[in-house]
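# need a 3D model of the following:
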Amino acid sequence: MSETNLGTGTHSRREFLRRAGLLAGAGFAAPWAMDLAGLASAAPSAATDYRAIVCLFMYGGNDHYNTFIPDDDEGYRVYAAARAGIARPRSSILPISPARGFDGAGTFGFAPELPQLRDIFDGGDAAVVANLGTLVRPIDKAGYAVASNRPPQLFSHNDQQSYWQSSSPEGATTGWGGRIADLILDGASTSSTFTCISVAGNAVMMTGRDAIQYQVSTNGVTRLRDNTFRHDAALAGIRDVMELQQPGLFPSSYSTVSKRALDAADGLGDAIAAAEDRYDVDSAFDTATDNIDLNRINAQLRMVAKLIAAGRDTLGIKRQVFFVAMGGFDNHNGLTTRHPLLLAGLDGGVASFYRATQLLGAADSVTTFTASDFGRTLVSNGDGSDHGWGGHHLVVGGSVRGRRVFGSVPTIADDGPDDVGRGRLLPTTSVDQYAATLASWMGAGTSELRAVVPNITNYAVTDLGFLGEPGARVTDGIGNGGNGGLRRATRIAGS
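Prediction:
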């Protein structure tokens, strides 16, 4: 979608860019006041297709070394020596053969718990982005010594979760998912209320200036009629009280917001019910499992699939951002016991969700991507791994230029050329570039990317190339474009 087809609406495009410039100049942690009128904004839809991105955040810091395991002779030898007690057997690795090979120091394969995702990769609808992490600007090992070159509080869970989601440490008030929604609200969605939806509780990533995250449970929206007040007379009385207009700014605003919330819950609940009548989404998910992690992520992604159908078919929404999450990845100990169960949950959940998008006829329109606080150390602490920095991530969907590894595979070493000690990878690709690529696919113009990720102007490459137009993927998984742009980004990061 071009920069000029996002349309006009209650908040004009020019006004948004003016405000975005102010926001970027003031810093994204500035306490901007919520525009209550923005909650009800509705604009004519200029987009003719539907697109959604789904962030799966792995809280705690996923151990990427045991997710995408070194598979060349030298890389595996160093990996096994450094990971005494926690290394995966080489015989268990699920090998991959990227359409354009591996770029960098070696190769890797998928963990044995990821057979379905490996199959989706081989089928051309998944790609890996190598050595991705939070950055302020491109950096090399010499630059790492300068504190201002590094993201603040680099190995802190809370700060790096926030930096991943917002480009700011803990305390940020908006995130890049919400800021993508801000850009597209004017012309790509008929409802700002349901543009950003979290099925995993509050996440800073999902809040923008106008886009306010809407939270649902794995059972959907909570409505008055679903709980205590089941009788029509009681429901009507409670609504009358909540919507009662009182004199004064704050009572009036409260009643307005209350009415909007009640109407929104009823409208979305009815749309989900219509989606359940039309599609057997549940059939795409395995419900007979004793893996708690799989059950939890399945429940979240199953609801996202229903929300996609509800938003696209009934509510007429053209662009949506979703957030789901898994916890338990901070495995300083018990890695070999805990991590395989988490990976099996990731594999089953994402693969089932991909099948659900196929069932909905939306596989080309939905892109799922992983995120996490940070990677882990290569070096074992005896029973697990410690906080790291860069890591490998997965992107899945029909518009993904699949069967590809984007980025440079790092040298496996302790204090080698690609790490800052103990195998903590120095990222060669920034989360800002990752976010900008997703934002561009959702319809953001090049000139607007700074409003989404403020540090993007520090990079020569803003689109990593792992997404193409829906329906345009070729059967060999090579797609259009190539790794050339990402190789340039890698050289800049190492300069």
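
# just the strands in the protein please.
51-58, 68-70, 103-104, 108-110, 126-133, 196-198, 214-215, 319-326, 366-372, 391-396, 404-406, 408-409, 429-430 (DSSP state E).

# of the ones you listed, which is nearest residue 471?
With distances scored as C-beta to C-beta, the stretch of those nearest to residue 471 is strand 51-58 (11.8 Å). C-beta here means a position set from N, CA and C on the backbone, and glycine is covered the same way.

# so which of the strands of the chain gets nearest residue 419?
Each of the strands of the chain was scored for nearness to residue 419 using C-beta to C-beta, and the closest is strand 126-133 (9.8 Å).

# just checking: what are the partner strands of that closest one?
strand 391-396 (antiparallel), strand 404-406 (parallel), strand 429-430 (parallel) (DSSP bridges).

# so the longest one versus strand 51-58, what angle?
Computed by axes from the mean of the first three to the mean of the last three C-alpha atoms, to 10 degrees, the angle separating strand 391-396 from strand 51-58 equals 140 degrees.

# by how many degrees do strand 391-396 and strand 366-372 diverge?
Relative orientation of strand 391-396 and strand 366-372, computed by the same axes, to 10 degrees: 160 degrees.

# buried ones in strand 391-396, by neighbour count?
391, 392, 393, 394, 395, 396 (16 or more other C-beta atoms under 10 Å).

# I'd say the second one and residue 133 touch.
To tie it back to what came earlier, the one meant is residue 392. No - here residue 392 does not reach residue 133: they are 10.1 Å apart, not a contact under C-beta atoms under 8 Å.

# what is the neighbour count of the nearest residue to residue 274 once chain neighbours are set aside?
The shortest distance from residue 274 to any non-neighbouring residue, by C-beta to C-beta, 6 or more residues apart in numbering, is to residue 314 (5.2 Å). Number of residues near residue 314 (other C-beta atoms under 10 Å) recorded here: 17.

# any low-confidence regions in the stretch 251-400 of the chain?
251-259 (pLDDT under 70).

# surely residue 386 touches residue 332?
Yes - between residue 386 and residue 332 there is a contact under C-beta under 8 Å: 6.2 Å.

# which among the buried residues of strand 391-396 gets closest to residue 276?
residue 396 (23.8 Å).

# who touches that closest one in this structure?
If you count contacts by C-beta atoms under 8 Å, 6 or more residues apart in numbering, residue 396 has them with 117, 120, 125, 126, 350, 354, 367, 368, 369.

# show me the beta-bridge partners of it.
residue 126, residue 368.

# quick one: the helices in the stretch 51-200 of the chain?
Using DSSP state H, counting those that start in this stretch, the helices of the stretch 51-200 of the chain run over 73-82, 115-122, 141-144, 157-166, 176-188.

# er, the stretch 201-350 of the chain I mean
Here the stretch 201-350 of the chain has its helices, by DSSP H, counting those that start in this stretch, at 232-243, 249-278, 292-309, 335-359.

# to residue 94, which of these lies closest?
Evaluated over the helices of the stretch 201-350 of the chain, closeness to residue 94 peaks at helix 335-359, with 10.4 Å, by C-beta to C-beta.

# buried residues, the closest one. List them.
By 16+ other C-beta under 10 Å, the buried positions in helix 335-359 come out as 335-336, 338-340, 342-357, 359.

# other SSEs contacting it?
On a contact count with 3 or more C-beta pairs under 8 Å, 6 or more residues apart in numbering; DSSP states H and E, helix 335-359 meets strand 51-58, helix 115-122, helix 292-309, strand 319-326, strand 366-372, strand 391-396.

# which pair in the contacts of residue 396 spans the largest distance?
Going by C-beta to C-beta, the pair spanning the contacts of residue 396 furthest: 117 and 367, at 14.5 Å.

# what touches both of residue 392 and residue 133?
Shared contacts of residue 392 and residue 133, counting by C-beta under 8 Å, 6+ apart, come down to residue 375.

# neighbours of residue 420, just the number please.
19.

# OK, contacts around it?
Residues near residue 420 by C-beta under 8 Å, 6+ apart: 141, 144, 389, 426.

# show the buried residues in the residues you listed.
389, 426.

# nearest to residue 436, out of the strands of the chain?
strand 429-430 (8.9 Å).

# distance between that closest one and the chain's centre?
Chain-centre distance of strand 429-430: 15 Å, with C-alpha atoms, centre = their mean, to the nearest Å.

# mind checking the pLDDT average for it?
The average pLDDT within strand 429-430 is 98.

# same deal with stretch 185-193?
Per-residue scores along stretch 185-193 average to 60.

# quick check: end-to-end length of that stretch?
One end of stretch 185-193 sits 10 Å from the other (C-alpha to C-alpha, to the nearest Å).

# and what of stretch 354-368?
When the termini of stretch 354-368 are compared using C-alpha to C-alpha, they are 8 Å apart.

# again, but for stretch 84-97
27 Å.

# need the contact list for residue 114.
Residue 114 is in contact with 67, 94, 343, 346, 347, counting by C-beta under 8 Å, 6+ apart.

# and the residues you listed, which is closest to residue 296?
For the contacts of residue 114, the nearest to residue 296 is residue 346 (11.2 Å; C-beta to C-beta).

# including distance to residue 160, could the contacts of residue 420 go into JSON lines?
Listed next are those as JSON lines, based on distance: C-beta to C-beta, whole Å:
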{"residue": "141", "distance to residue 160": "20"}
{"residue": "144", "distance to residue 160": "16"}
{"residue": "389", "distance to residue 160": "9"}
{"residue": "426", "distance to residue 160": "15"}
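
# tell me which of the contacts of residue 420 is nearest to residue 206?
Using C-beta to C-beta, those come closest to residue 206 at residue 389, 24.4 Å.

# what's the closest non-adjacent residue to the residue nearest the centre of the chain?
Compute the mean C-alpha point of the chain, and by C-alpha atoms, centre = their mean the closest residue is residue 55, 2.4 Å away. Nearest residue to residue 55 in three dimensions, chain neighbours excluded: residue 323, at 5.1 Å (C-beta to C-beta, 6+ apart).
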